[in-house]
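[1] Here is my input, please return the structure:
(2 chains)
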Amino acid sequence: MADLLLQVVQGLSLGAVYAGLALALVLVHRFTGIVNFAQGELAMLSTYVAWQLLDAGMPFWAAFPVTLAVSVAGGMLVERLVIRRVEGGGELTLVAVTVGLLIFVNAAAGLVWSFAVRSFPNPFPTALGFGSAQSGFSALGVLGVVAVVMLALHVLFRHTGAGLVMRAVVADPVSARLAGIRVGRVLGLGWGLAAGVGAVAGVLVAPLLFLEPNMMGGVLVYALAAAVLGGFRDPVVTVAAGLGLGVAATLAGTYVEFVGADLKVAVPLLVIVTALLLPRRAAETAGQR
Amino acid sequence: MNIAEQTGRRRLAVGREAGDRRRVWPWPRVTLAALAAVACAAPFLLTPYRVFQLTMILVYGIALLGLNLVVGQSGQISLGHGAFLAVGAYTSAVATGPLGLPYPVVLPLSALLSFGLGLALGLPALRLRGAYLAVVTLAIAVVVPPVIKRFGAVTGGSMGLSASVPSAPPWSGLADDQWLYLLVLAVAAAALAAARNLLASRSGRALAAIRENPAAAEVLGVRIAAHRTLVFAWSAMYAGVAGTLYAWVVGFVSPDSFTVTLSIVLLAAAVVGGPDSPAGPLLGAVFLTFVPAAAQGAGDAAPGLVAGLVIVIVVCAAPAGLAGLLRMAAGAVARRLGRE
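    You can find the predicted model right below:
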């Protein structure tokens, strides 16, 4: 029983990370209508920035906000330099560009930091007690951070002037432009925000998975599954789906002998396919966007 | 309704939107015959390593020809064609190895298997558009290597399987690599002819109608879901055949040959080559074979850096791909010649 509880807690902390990256995917999709296949790689890059800062001797909770700021700026830069040139293009153009970014960012990280696997410090207290209590604290920390991010986004969108402007652009870009809003800038900010949220996910997952250029490949599949369940628009369903996926995959990996550690990644595939085949809702949003 | 239509931003075109289909090159048959002659003569003029490279180009070309059916003709996006290559390659390795089947049987067998699998996996494509199909197929591509490792008793697990290479029959007097090249060339020619026929058929015209205007096509009685699923299955079959040929050429299959990166790079090569052009797959295959090999000398990361950059630049600057550039160049040459 204690073992089951431990697995659920571990699943929740992984799930919170999936939820974070899924939230970034939803943000980008709501702002620019793009499914950003490079979101995971951007998060990986942010994690390397954090690692570099920590390596230079910065304390974790000082390096964290700096990483976030760098990531937001990086996201805006990517939007300005690459995405704006293809915005509104066909689906193939958009997918091809983000896939190109994925390949490029992955290789760039390998060039700068090499493909060697590094360990990443766990920011939460781990020295307390025995096994289950230890991962309990870590999981609580991860969940707490993701909850804070969600709350911050909610406050931003619902209770600030900047959030109002963003919602206006998402709702109707033409009218927003006519009302004097710089639509391009706001879309850039959307990419920046998404990169920031992705950076949180990357920094949180790094202690669990180790740091290497390919670390986000698997996470991206889970995040895509969670985002699909949320129809690429509903943040609450998306986060719930991310948490559920984390628990489901961990439990399946531990208790279903056939699945094991290797085939865990098949869980999000099954979820995606069933989600898209069973209810019409997700499929409809796919068509209409 | 997307943002570009509302804000009137520059809209980039990929594929057929990028140019009209009027014939820009007045001598297609002569050119094709010359190309065929060069292709047949090549193995007797080049070193074995170059012949191997050419064979790989043809293998990837067949896979890209299939991918173009989905991407260029049906307007859908697959990030999972590496999975079908894996199916074809492992079918060949298992069938010729432990099962001891002869080569001529293996090719149709793996074509049939991958067609069936494509039909089954294409069923989600009934309802999915653009990015959603990409998401599903990406997940499939991620799952395939672990599945191969899981069934290690059949597939050899992460160690891989060595596949036997078809050897040249004694009467031909050819070296093995030359025989293999000609074999692959014949399959590629058949594949190209089949793709042309498919697109000229009722089904091909239905696909064009669906791509240009799904609602209008449906009103005219075109069954969108059936046609999309079928073309996905055809496309999977091409990839499966390419996988079988891959196993013959390389002589070894392992899960690491069919990672998600292969699928991603295949789509990238299709886009770079030009998804809606008969020359696209060949140019994409050249990109796929030579760019990583040329960049390899500059370190582990160089192939990815170069490939990623090329993809982004091509999509931004030359949306019809390398084939589109070739078309423009051919048009310019033909006009100049015509004027004289």
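
[2] Which elements pack onto the helix or strand containing A:Gly75?
    In this structure, A:Gly75 sits in helix A:60-78 according to DSSP states H and E. Under the contact definition 3 or more CB pairs under 8 Å, 6 or more residues apart in numbering or on different chains; DSSP states H and E, helix A:60-78 sits against helix A:39-55, helix A:183-209. Any C-beta I mention is one placed from the backbone N, CA and C, and that applies to glycine too.

[3] Check the secondary structure at the residue of chain A at minimum distance from chain B for me.
    Using CB to the nearest CB, A:Gly88 is the residue of chain A that sits closest to chain B, at 2.0 Å. Here A:Gly88 is coil, with the state taken from DSSP: H, G, I helix; E, B strand; the rest coil.

[4] How many residues are close by it?
    Neighbourhood size, A:Gly88 [other CB atoms under 10 Å in any protein chain shown]: 21.

[5] Let me know the pLDDT of it.
    pLDDT recorded at A:Gly88 is 74.

[6] cool, the one 10 residues further on as well?
    We note a pLDDT of 91 for A:Thr98 in this prediction.

[7] and residue 179, how many neighbours?
    Because you didn't say which chain, this covers chain A. A:Ala179: 11 neighbours (other CB under 10 Å).

[8] um, chain B though
    By other CB under 10 Å, the residues close to B:Trp179 number 18.

[9] B:Val165 is in contact with that one, correct?
    No. Using CB atoms under 8 Å, B:Trp179 makes no contact with B:Val165, being 9.7 Å away.

[10] How about residue 123, nearest residue that isn't a chain neighbour?
    With no chain named, the answer covers chain A. A:Phe60 (4.7 Å; CB to CB, 6 or more residues apart in numbering or on different chains).

[11] Can you look at chain B instead?
    B:Thr229 (6.2 Å).

[12] Now the helix or strand containing the one you found: buried residues?
    B:Thr229 belongs to helix B:224-250 when assigned by DSSP H and E. Residues of helix B:224-250 classed as buried: B:224, B:227-250 (neighbour count, 16 or more other CB atoms under 10 Å in any protein chain shown).

[13] what about that helix, average pLDDT?
    On average, helix B:224-250 scores 91.

[14] can you list the residues that contact the helix or strand just after it?
    Heading C-terminal from helix B:224-250, the first helix or strand you meet, by DSSP H and E, is strand B:252-253. Residues from elsewhere that reach strand B:252-253, judged by CB atoms under 8 Å, 6 or more residues apart in numbering or on different chains: B:Ala86, B:Ala89, B:Tyr90, B:Ser92, B:Ala93, B:Gly160, B:Leu161, B:Ser162, B:Ala163, B:Tyr246, B:Ala247.

[15] Neighbours of the residue in the stretch 151-300 of chain B that chain A sits nearest to, how many?
    Residue of the stretch 151-300 of chain B nearest chain A, by CB to the nearest CB: B:Val271 (4.3 Å). Using other CB under 10 Å, B:Val271 has 31 other residues around it.

[16] Helices along the stretch 201-340 of chain B, start to end?
    Shown for the stretch 201-340 of chain B, the helices assigned by DSSP state H, counting those that start in this stretch span residues B:202-212, B:214-219, B:224-250, B:260-273, B:280-295, B:302-317, B:321-339.

[17] Any stretches of the stretch 201-340 of chain B with poor pLDDT?
    Residues of the stretch 201-340 of chain B meeting the criterion pLDDT under 70: B:295-299, B:339-340.

[18] Up against chain A, what does it have?
    Where the stretch 201-340 of chain B comes near chain A, counting by CB under 8 Å from any CB of the partner chain, the residues are B:260, B:264-265, B:267-268, B:271, B:275, B:299-305, B:307-312, B:315-316, B:319.

[19] Going through the residues you listed, which ones are buried?
    B:260, B:264-265, B:267-268, B:271, B:275, B:301-305, B:307-308, B:310-312, B:315-316, B:319.

[20] Against B:Leu182, how distant is the residue positioned nearest the centre of chain B?
    Nearest to the mean C-alpha position of chain B, by CA atoms, centre = their mean, lies B:Leu64 at 1.1 Å. Distance, B:Leu64 to B:Leu182, by CB to CB, to the nearest Å: 20 Å.

[21] Check which helices and strands the longest helix along chain A sits against.
    The longest helix of chain A (DSSP state H) is helix A:2-32. Using 3+ CB pairs under 8 Å, 6+ apart, the elements in contact with helix A:2-32 are helix A:39-55, helix A:131-159, helix A:161-171, helix A:183-209, helix A:216-229, helix A:235-255.

[22] can you tell me if the fourth one touches chain B.
    By that I understand helix A:183-209. Yes. Contact of helix A:183-209 with chain B (CB under 8 Å from any CB) involves A:Val183, A:Leu187.

[23] Flag every buried residue along that helix.
    In helix A:183-209, counting by 16+ other CB under 10 Å, buried: A:183-184, A:186-209.

[24] Look at the closest residue to A:Val203 other than its chain neighbours and report its pLDDT.
    Leaving aside its chain neighbours, A:Val203 sits nearest to A:Ala50 (5.1 Å; criterion: CB to CB, 6+ apart). Looking at A:Ala50, its pLDDT stands at 92.

[25] can you pull the contacts of A:Ala50?
    Contacts of A:Ala50 by CB under 8 Å, 6+ apart are A:Ala63, A:Phe64, A:Thr67, A:Phe120, A:Ala199, A:Gly202, A:Val203, A:Ala206.

[26] next one: A:Val78
    A:Leu42, A:Leu101, A:Trp191, A:Ala195.

[27] residue at max distance from the center of chain A?
    A:Leu178 (32.5 Å).

[28] just for chain A, where's the confidence low?
    Where chain A drops to pLDDT under 70, the residues are A:1-2, A:125-136, A:278-289.

[29] Could you count how many residues lie near A:Thr274?
    Residues near A:Thr274, counting by other CB under 10 Å, number 12.

[30] buried sites along the helix or strand containing it?
    For A:Thr274, the host element (DSSP H and E) is helix A:266-277. Across helix A:266-277, burial judged by 16+ other CB under 10 Å covers A:Ala266, A:Val267, A:Pro268, A:Leu269, A:Val271, A:Ile272, A:Val273, A:Ala275, A:Leu276, A:Leu277.

[31] So which elements touch it?
    Looks like helix A:266-277 contacts helix A:216-229, helix A:235-255, helix A:280-288, helix B:130-150 (3+ CB pairs under 8 Å, 6+ apart).

[32] CA-only coordinates of that helix, as CSV, when you get a sec.
    Coordinates of each C-alpha in helix A:266-277 appear next as CSV, following Å, rounded to 0.1, in the frame of the first residue of the first chain:
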residue,chain,number,x,y,z
ALA,A,266,2.9,3.9,-25.2
VAL,A,267,0.4,5.1,-22.6
PRO,A,268,0.2,8.7,-24.0
LEU,A,269,-0.1,7.3,-27.6
LEU,A,270,-3.1,5.2,-26.5
VAL,A,271,-4.6,8.2,-24.7
ILE,A,272,-4.1,10.5,-27.8
VAL,A,273,-5.7,8.0,-30.2
THR,A,274,-8.6,7.2,-28.0
ALA,A,275,-9.2,10.8,-27.1
LEU,A,276,-9.2,11.8,-30.8
LEU,A,277,-11.4,8.8,-31.9
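
[33] Since that was my last question, I'll sign off now.
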